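Chemist: Here's my sequence, what's the structure:
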Amino acid sequence: MRLALEIKSSEKIKKMSKPENITTNECVASICVITFNHEDYIEQCIESLASQTTDFKYEIIIGDDNSNDNTTKILRSLKIKYPEKIKAIFRDKNIGGVKNYTEVHNMASGHYVAHVDGDDFWLPGKLAQQVNFLENHPECSAVYSNAFLVNKFGDKFGKFNKKIPEVFDRNYLLEKGNFLNASSLIYRKFLQKKIIPKNCEFIDYQIHLQCSRYGFLGYINEPLVSYRVNPTGFALKHTNKVTGLYWAAVLEAFEHDGISSTMKSAITDFMGTVFCRAIIERDPLSAKKWIEIIHAKTKISKNYIITFGLFKAGSKIANSAKKRLLRSLNMPVTFASR
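Modeler: This is a model prediction of the structure:
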């Protein structure tokens, strides 16, 4: 069964969102940057944004969350270099990534709002290409793109995704999990208050799911972003917290949409991630905890959660490792090969 969109008519989206009679001085797009201690990367990030070639006006809004390295100094210099494009907030105390994200996005004045993390950078033509996409796809609430994976030196070593449909719906996002790159996101400004959670912590997957409630999602398979795989990044340093926020995003979708085969797929995809982490960290109790939580919240049987969660983990982990985990959970090892 197809999940219902909050806005059912593409014409309604078109009427509400397509900018009309834009003057040359009007801001069409806002690029929101959040940063904290990115001294090695922030100049490359901002230069890649300031050098975007467009036939419309855009702004760059930066939230520096009280960095204690040279990030602030670098940003002040860039603000002098690009005074007409850059608006910067230099905080006198650290407020955290979520609040920084929310406050910076709330400052956006453009018809379209983009996001980028301060250690990533854009490729030429990204902004114009994605704004053009949304202009020509009124059924889409947001558009994303593929991304190059780069190391701390900026060297490419892969891509974020393989082939993704140009336009897809909420079902596809739930079935595939969190495959979208946050620094590639551009959404329609009028949806902002609906898609950014209030008064709670969140991860980017929750933003993507919220966008999918109000329209289809667009995707450009050409890499338009370079995503820096940072071994000291938040997600890798706070795996338990990120896992909890990932579940919060899935649970919110479950409470909104109800149970379905698509929702079961989303839940077992989450469990695939949990099982992988439990094996890597040799922590079967964490897997057991999540099985109990999900069973209690959704009433899905534990056997189903384990069987399809391991299936979603797939080739990421060997059968021998799956069997060790199952023994720790007092489950038959035959589940490992299903």
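
Chemist: can you map out the helices along the chain?
Modeler: Counting by DSSP state H, the chain has helices at residues 10-17, 42-50, 71-81, 97-106, 126-136, 170-176, 192-195, 204-213, 234-237, 239-257, 261-280, 284-298, 302-313, 319-328.

Chemist: Among those helices, which comes closest to A182?
Modeler: Between A182 and the helices of the chain, the tightest spacing by CB to CB is seen for helix 204-213, at 3.9 Å. C-beta: built from backbone N, CA, C; applies to glycine.

Chemist: now for that closest one, which elements pack on it?
Modeler: Helix 204-213 is packed against strand 140-150, helix 170-176, helix 192-195, helix 239-257, with contacts defined by 3 or more CB pairs under 8 Å, 6 or more residues apart in numbering; DSSP states H and E.

Chemist: and it with helix 261-280, angle?
Modeler: If you take axes from the mean of the first three to the mean of the last three CA atoms, to 10 degrees, helix 204-213 sits at 170 degrees to helix 261-280.

Chemist: Determine how far helix 204-213 lies from the middle of the whole chain.
Modeler: 8 Å (CA atoms, centre = their mean, to the nearest Å).

Chemist: what's the answer for stretch 117-136, then?
Modeler: Counting by CA atoms, centre = their mean, stretch 117-136 comes out at 15 Å from the chain centroid.

Chemist: Show me what counts as buried in it.
Modeler: By neighbour count on 16 or more other CB atoms under 10 Å, the buried set for stretch 117-136 is 117-123, 126-131, 133-134.

Chemist: cool, stretch 78-97 as well?
Modeler: So for stretch 78-97, counting by 16+ other CB under 10 Å, buried means 78-79, 85-88, 91, 97.

Chemist: cool, stretch 281-291 as well?
Modeler: 283-284, 286-288, 290-291.

Chemist: Contacts for it next, please.
Modeler: Applying CB atoms under 8 Å, 6 or more residues apart in numbering, the contact partners of stretch 281-291 are 239-240, 243, 247, 271, 274-275, 277-278, 302, 305-306, 325, 328-329.

Chemist: likewise stretch 93-103?
Modeler: 32, 34, 36, 63, 65-66, 89, 91, 115, 196, 198, 200-202, 234.

Chemist: From those residues, which land in strands?
Modeler: 32, 34, 63, 89, 115 (DSSP state E).

Chemist: any idea how far the second one is from Y246?
Modeler: When distances are taken as CB to CB, to the nearest Å, I34 and Y246 turn out to be 19 Å apart.

Chemist: Please go through the protein and pick out the longest strand.
Modeler: From DSSP E, the single longest strand across the chain is strand 216-228.

Chemist: now for that one, which elements pack on it?
Modeler: strand 121-122, helix 126-136, strand 140-150, strand 167-168.

Chemist: quick one, that strand and helix 204-213 angle?
Modeler: Using the same axes, to 10 degrees: strand 216-228 against helix 204-213 is 160 degrees.

Chemist: Sounds good, over and out.
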